[in-house]
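Q: Quick check, what structure comes out for this input:
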Amino acid sequence: MITIDHKHSALIAEAERRGTGQADNLRACFEVLALAAAIDRDCAARLAPYQLSEGKFVLLFLLRERQDGLSPHELAERAGVTRATVTGLLDGLERDDYLLRQPHESDRRKSRIVLTAKGEAAAAALFDAHTRWIAHLFEDFTAEERQVLSGLLARVRGKLGVSA
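A: Residues are numbered from 1 along each chain as shown. This next block holds a predicted model:
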């Protein structure tokens with residue numbers, strides 16, 4: 001059984017006390033949340049020695065695919081984040097010498113983002129290590145089990161609101 005947060009345990013205990021019959025459903029949801037949080041923490045710990053967050057890591061591997069660079073707008077779109085978020089991530093990556101902002105040749109308001117040698121090396125090494133780590137989390141599952149899990153998660157996702 002996955003250890004869940006105290007706040008979630010309190011909600012489950014209260015549901016049990018009230019006899020709602022929903023405690024098992026609550027527990028299942030909170031276990032998924034606890035697992036996601038544990039994966040996020042482990043991911044952050046693995047990237048921290050490189051002064052990277054998951055968001056910064058995503059930008060590095062997106063830039064690695066494009067030797068000619070990408071605009072901040074293109075990066076935000078491909079990473080699925082806002083322009084404001086991408087600006088903050090780029091500031092940190094530039095400060096840590098992972099990338100350069102190159103001015104657009106004809107429009108001073110625009111720039112292209114390209115990796116430095118340090119950024120290129122980090123993107124190459126970390127992508128392989130990171131994907132191996134993620135794959136390792138599910139390596140003991142059969143293909144059928146992964147498919148069942150995916151289906152179960154999709155059923156839950158289908159019950160979420162429009163922002164899902």
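Q: When you work out contacts or count neighbours from here on, use the C-alpha atoms and nothing else.
A: OK.
Q: got any ranges where this structure has weak pLDDT?
A: The model of the chain has pLDDT under 70 over residues 1, 162-164.
Q: what about the longest helix in the protein?
A: Identified as the longest helix of the chain according to DSSP state H is helix 23-47.
Q: Tell me which residues touch residue 99, please.
A: 90, 93, 113-116, 119 (CA atoms under 8 Å, 6 or more residues apart in numbering).
Q: residue closest to the middle of this protein?
A: The chain has residue 54 as the residue nearest its centroid, 5.4 Å off, counting by CA atoms, centre = their mean.
Q: Now do the contacts for that one.
A: Taking CA under 8 Å, 6+ apart as the test, what residue 54 contacts is 43-44, 47.
Q: Show me the domain layout of this structure.
A: 1-50, 51-158 (automatic domain parsing).
Q: highest average neighbour count across these?
A: When you average the neighbours per residue for each of the domains of the chain (mean count of other CA atoms under 10 Å), domain 51-158 leads with a mean of 15.
Q: Now do that one: distance to the chain's middle.
A: 9 Å (CA atoms, centre = their mean, to the nearest Å).
Q: just stretch 8-22 next, same as before
A: 31 Å.
Q: which residues touch it?
A: 23, 26-27, 30.
Q: next one: stretch 103-116
A: 60, 63-64, 67-72, 97-102.
Q: ok, residue 83 touching residue 73?
A: Yes - the pair residue 83 / residue 73 is scored as a contact, 6.3 Å apart, by CA atoms under 8 Å.
Q: Just the strands from the chain, written as ranges.
A: Listed in chain order, the strands of the chain (DSSP state E) span residues 99-103, 111-115.
Q: want to throw these into TSV with distance to residue 142?
A: Conversion of the strands of the chain to TSV gives the following (distance: least, CA to CA, whole Å):
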stretch	distance to residue 142
strand 99-103	40
strand 111-115	38
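Q: Output stretch 110-125 in PDB with nothing but the alpha carbons.
A: Provided in PDB are the C-alpha atoms of stretch 110-125 (Å, rounded to 0.1, in the frame of the first residue of the first chain):
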ATOM      1  CA  LYS A 110      12.500  38.400 -31.700                       C
ATOM      2  CA  SER A 111      15.200  36.000 -30.700                       C
ATOM      3  CA  ARG A 112      16.200  32.400 -31.400                       C
ATOM      4  CA  ILE A 113      17.200  30.100 -28.500                       C
ATOM      5  CA  VAL A 114      20.100  27.700 -29.100                       C
ATOM      6  CA  LEU A 115      22.000  25.300 -26.900                       C
ATOM      7  CA  THR A 116      25.600  26.000 -25.700                       C
ATOM      8  CA  ALA A 117      28.000  23.100 -25.800                       C
ATOM      9  CA  LYS A 118      27.200  22.600 -22.100                       C
ATOM     10  CA  GLY A 119      23.500  22.500 -22.900                       C
ATOM     11  CA  GLU A 120      24.000  20.100 -25.800                       C
ATOM     12  CA  ALA A 121      26.100  17.700 -23.600                       C
ATOM     13  CA  ALA A 122      23.600  17.800 -20.800                       C
ATOM     14  CA  ALA A 123      20.600  17.300 -23.100                       C
ATOM     15  CA  ALA A 124      22.200  14.200 -24.700                       C
ATOM     16  CA  ALA A 125      23.300  12.600 -21.500                       C
END
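Q: All set, thanks.
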